[in-house]
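Engineer: below are the sequence and a predicted model for it; my questions follow.
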Protein chains: 2
Amino acid sequence: LPKRELFALVAVPAVVAVILWAPAWVVLALIVAVAVLAADELLAMARRRGVPCSRVSPLLLLAGLMVASWCYGATGLAGAVIVTLVALPAVQLAGRDAPRGSLAAVSIACFAALFVGVLGASLGWLRLLPSEPTAPRLLLLFAATIWIGDSAAYYLGSRFGRHKMSPRISPNKSIEGLLGGTVATFAAAAALNVVFSLHLPWPHVLAVAAILAVAAPLGDLVESQFKRDAQVKDSSNLIPGHGGLLDRTDSLLYGAPLVLGYLVWVGLVP
Amino acid sequence: LPKRELFALVAVPAVVAVILWAPAWVVLALIVAVAVLAADELLAMARRRGVPCSRVSPLLLLAGLMVASWCYGATGLAGAVIVTLVALPAVQLAGRDAPRGSLAAVSIACFAALFVGVLGASLGWLRLLPSEPTAPRLLLLFAATIWIGDSAAYYLGSRFGRHKMSPRISPNKSIEGLLGGTVATFAAAAALNVVFSLHLPWPHVLAVAAILAVAAPLGDLVESQFKRDAQVKDSSNLIPGHGGLLDRTDSLLYGAPLVLGYLVWVGLVP
């Protein structure tokens, strides 16, 4: 077996076990750790492009933002966003390079902290907001549906891909892979709803699958444009055969707030 | 009289009259209009540096964010921040230049929308949250204290300035101007508390003046680094003799969330 599959064989059961059986705070702590590393990959891309981004302050603010949002809800999130937007431009003033490249450096530091932080906070809310017995399985349905759809797109695309999807931004993606991934996303959401005995009404399963079928490839494409811009293939080499943490979480980040918004809107979550 | 003073002679009474006597929604609508133009100046600076920023979408999202925060509080703000962070990276995918410069372009678009939007929303909250009879006068105390401190720093600095404050970022500012501005800030806050019959307890007046004495010059310096970076003297030429709207509002943007946070913390505002 190649490195990619070998690593998945070990990592997937471990991640599934943690989501299913670990207490909420362990899952949240893992989300913070992954978010900090993923945001650091984004900042590293900016430095590759010559933008003098600070590193420590946006990552600390990101961690604080996620914790504040989980402890104090929307008020905590709003306060943490304000602190981030006031602190990072001031920190940049003390930078060695200021004012050269300040606008881009401050903007990318704020973007790394807020994009990964705010969207990652929604991922934590998916674990915190639903009632306790179903929350772990609901989070796993969300994550596994994305990963299954993504893997289907990858394997079907590399086998049957003929027509390029977006040659400028992500030249390896094909229409065939996108369609295969879409079918797999719907199938996975439906199957996991049964396997995990979640008993979600089928229209909601369909809606969540539809959201993820759009949001997951879109999140992937959004990150691809940043990687192309920085002229790197992967966001880092942290995960053997899978690239960086941002590569593996971009679709989760994009899907989480949209699914959360849907669940709140239809009243499935308080 | 030179253009700078002549314009102030007309504009200052008009702004004071609007803050004091116009209904809240007029003041809020003005804040949105000024914020949209100020954020557009920030985006224009980025384009001067060759960053292919989109223009319409961040400005629309900024306006929506302010309105959402005033209608639905912290929940509205959190939702609007999420929408901004999901929408702008996706919009960039459709851009003519994508993926060249994507990371900086998306980051600056998000920063312009969120920095001006979220901090400007706090300015609106300063008008909305305090009880109605005092709210207009409290907002005027806040704005006038900043403007008086800023003008004192400008006139005292250009007359008595000997020691440069931050030669790299804002070469015209002097320590003498900063000190004069600080004294004027405390004096203005105290005088306006009496003139407007606000009867704020003096320790709170002192605390608000202390926050503004730091936040106002800091906000000015933060914007100066962006202007230096873009190699422009003013953010635009919209206001005769005074530069752009961002130049005239940077200190308000920086001071508003900090003063609001203080007023909420000590319970002067619900």
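Structural biologist: It's in.

Engineer: isn't A:Tyr254 right up against A:Leu218?
Structural biologist: Yes. Using C-beta atoms under 8 Å, A:Tyr254 is in contact with A:Leu218, at 6.0 Å. Backbone N, C-alpha and C define where each C-beta goes, glycine included.

Engineer: neighbour count: those two, which is higher?
Structural biologist: A:Tyr254 (30 against 19; other C-beta atoms under 10 Å in any protein chain shown).

Engineer: now the more buried one, nearest residue through space, not along the chain?
Structural biologist: A:Gly219 (2.8 Å; C-beta to C-beta, 6 or more residues apart in numbering or on different chains).

Engineer: same question for A:Arg137.
Structural biologist: Excluding the flanking residues, the one nearest A:Arg137 by C-beta to C-beta, 6+ apart is A:Phe196, at 4.1 Å.

Engineer: chain B contacts on the stretch 1-150 of chain A?
Structural biologist: A:42, A:45-46, A:49, A:51, A:69, A:73-75, A:77-79, A:81-82, A:85-86, A:89-90, A:92-93, A:98-104, A:106-108, A:110-112, A:114-115, A:118-119, A:122 (C-beta under 8 Å from any C-beta of the partner chain).

Engineer: typo on my end, the stretch 151-270 of chain A
Structural biologist: A:166, A:168-169, A:218, A:221-222, A:224-226, A:228-230, A:254, A:257-258, A:261.

Engineer: among those, which ones are buried?
Structural biologist: A:166, A:169, A:218, A:221-222, A:224-226, A:228-230, A:254, A:257-258, A:261 (16 or more other C-beta atoms under 10 Å in any protein chain shown).

Engineer: ok, A:Arg248 - contacts?
Structural biologist: A:239, A:242 (C-beta atoms under 8 Å, 6 or more residues apart in numbering or on different chains).

Engineer: which strand or helix spans it?
Structural biologist: helix A:245-265 (DSSP states H and E).

Engineer: where's that helix relative to the chain centroid, distance-wise?
Structural biologist: Centroid separation for helix A:245-265 versus its chain: 6 Å, with C-alpha atoms, centre = their mean, to the nearest Å.

Engineer: quick one: mean pLDDT for that helix?
Structural biologist: Averaging pLDDT along helix A:245-265 gives 95.

Engineer: OK, contacts around A:Ser151?
Structural biologist: Per C-beta under 8 Å, 6+ apart, neighbours of A:Ser151: A:Ala184.

Engineer: switch to 7 Å and redo it
Structural biologist: Contacts for A:Ser151 (C-beta atoms under 7 Å, 6 or more residues apart in numbering or on different chains) come out as none.

Engineer: about what we covered before: packing partners for the helix or strand the residue nearest to A:Tyr254 falls within?
Structural biologist: Taking DSSP H and E as the definition, A:Gly219 sits inside helix A:202-230. Helix A:202-230 sits against helix A:24-48, helix A:135-160, helix A:175-195, helix A:245-265, helix B:56-93, helix B:102-128, with contacts defined as 3 or more C-beta pairs under 7 Å, 6 or more residues apart in numbering or on different chains; DSSP states H and E.

Engineer: got those helices as CSV, with distance to B:Thr185 columns?
Structural biologist: Formatted as CSV, these follow (distance: least, C-beta to C-beta, whole Å):
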stretch, distance to B:Thr185
helix A:24-48, 36
helix A:135-160, 50
helix A:175-195, 58
helix A:245-265, 40
helix B:56-93, 27
helix B:102-128, 17
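
Engineer: just say which of these is most tucked in.
Structural biologist: Mean neighbours per residue, mean count of other C-beta atoms under 10 Å in any protein chain shown, is largest over those for helix B:102-128, with a mean of 27.

Engineer: just say helix, strand or coil for A:Pro99.
Structural biologist: Classification of A:Pro99 using DSSP: H, G, I helix; E, B strand; the rest coil returns coil.

Engineer: would you agree it is in contact with B:Gln231?
Structural biologist: No. Judged on C-beta atoms under 7 Å, A:Pro99 makes no contact with B:Gln231 at a distance of 9.8 Å.

Engineer: overlap of the contact sets of those two?
Structural biologist: Counting by C-beta under 7 Å, 6+ apart, A:Pro99 and B:Gln231 have no contacts in common.

Engineer: in terms of neighbours, single out the busier of the two.
Structural biologist: A:Pro99 (23 against 10).

Engineer: quick one: pLDDT of that one?
Structural biologist: 86.

Engineer: quick one, what contacts it?
Structural biologist: B:168-169, B:225, B:228-229.

Engineer: quick one: which of those is nearest to B:Gly181?
Structural biologist: B:Ile169 (16.5 Å; C-beta to C-beta).

Engineer: the closest one: what's it in contact with?
Structural biologist: Each residue near B:Ile169 by C-beta under 7 Å, 6+ apart is listed here: A:93, A:98-99, B:221, B:224-225, B:228.

Engineer: quick one: it from A:Leu93, how far?
Structural biologist: From B:Ile169 across to A:Leu93, the span is 7 Å (C-beta to C-beta, to the nearest Å).

Engineer: so what sits against both of the two?
Structural biologist: Taking C-beta under 7 Å, 6+ apart as the criterion, B:Ile169 and A:Leu93 both touch B:221, B:225.

Engineer: thinking again about what came up before, for the helix holding A:Arg248, C-alpha coordinates in PDB please.
Structural biologist: Presented in PDB, the C-alpha positions along helix A:245-265 are these (Å, rounded to 0.1, in the frame of the first residue of the first chain):
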ATOM      1  CA  LEU A 245      -3.400  20.200   8.000                       C
ATOM      2  CA  LEU A 246      -5.000  23.000   6.100                       C
ATOM      3  CA  ASP A 247      -5.300  20.700   3.100                       C
ATOM      4  CA  ARG A 248      -7.200  18.200   5.200                       C
ATOM      5  CA  THR A 249      -9.400  20.700   7.000                       C
ATOM      6  CA  ASP A 250     -10.300  23.300   4.400                       C
ATOM      7  CA  SER A 251     -13.500  21.600   3.500                       C
ATOM      8  CA  LEU A 252     -14.400  21.100   7.200                       C
ATOM      9  CA  LEU A 253     -13.800  24.800   7.900                       C
ATOM     10  CA  TYR A 254     -16.000  25.800   4.900                       C
ATOM     11  CA  GLY A 255     -18.800  23.300   5.600                       C
ATOM     12  CA  ALA A 256     -19.100  23.800   9.400                       C
ATOM     13  CA  PRO A 257     -20.700  27.300   9.600                       C
ATOM     14  CA  LEU A 258     -23.100  26.500   6.800                       C
ATOM     15  CA  VAL A 259     -24.300  23.200   8.300                       C
ATOM     16  CA  LEU A 260     -24.400  24.800  11.700                       C
ATOM     17  CA  GLY A 261     -26.500  27.700  10.300                       C
ATOM     18  CA  TYR A 262     -28.800  25.200   8.600                       C
ATOM     19  CA  LEU A 263     -29.300  23.200  11.800                       C
ATOM     20  CA  VAL A 264     -30.000  26.300  13.900                       C
ATOM     21  CA  TRP A 265     -32.300  27.700  11.200                       C
END
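
Engineer: now that helix and helix A:102-128, what's the angle there?
Structural biologist: Helix A:245-265 runs at 60 degrees relative to helix A:102-128, counting by axes from the mean of the first three to the mean of the last three C-alpha atoms, to 10 degrees.

Engineer: how about residues contacting stretch A:115-123?
Structural biologist: Under the criterion C-beta under 7 Å, 6+ apart, residues A:31, A:35, A:38-39, A:42, A:62, A:65-66, A:69-70, A:77, A:252-254, A:256-257, A:260, B:81-82, B:85 lie in contact with stretch A:115-123.

Engineer: likewise stretch A:249-262?
Structural biologist: Identification of contacts with stretch A:249-262 by C-beta under 7 Å, 6+ apart yields A:34, A:38, A:116, A:119-120, A:122-123, A:125-126, A:142-143, A:146, A:150, A:207-208, A:211-212, A:215-216, A:218-220, A:222-223, B:82, B:86.
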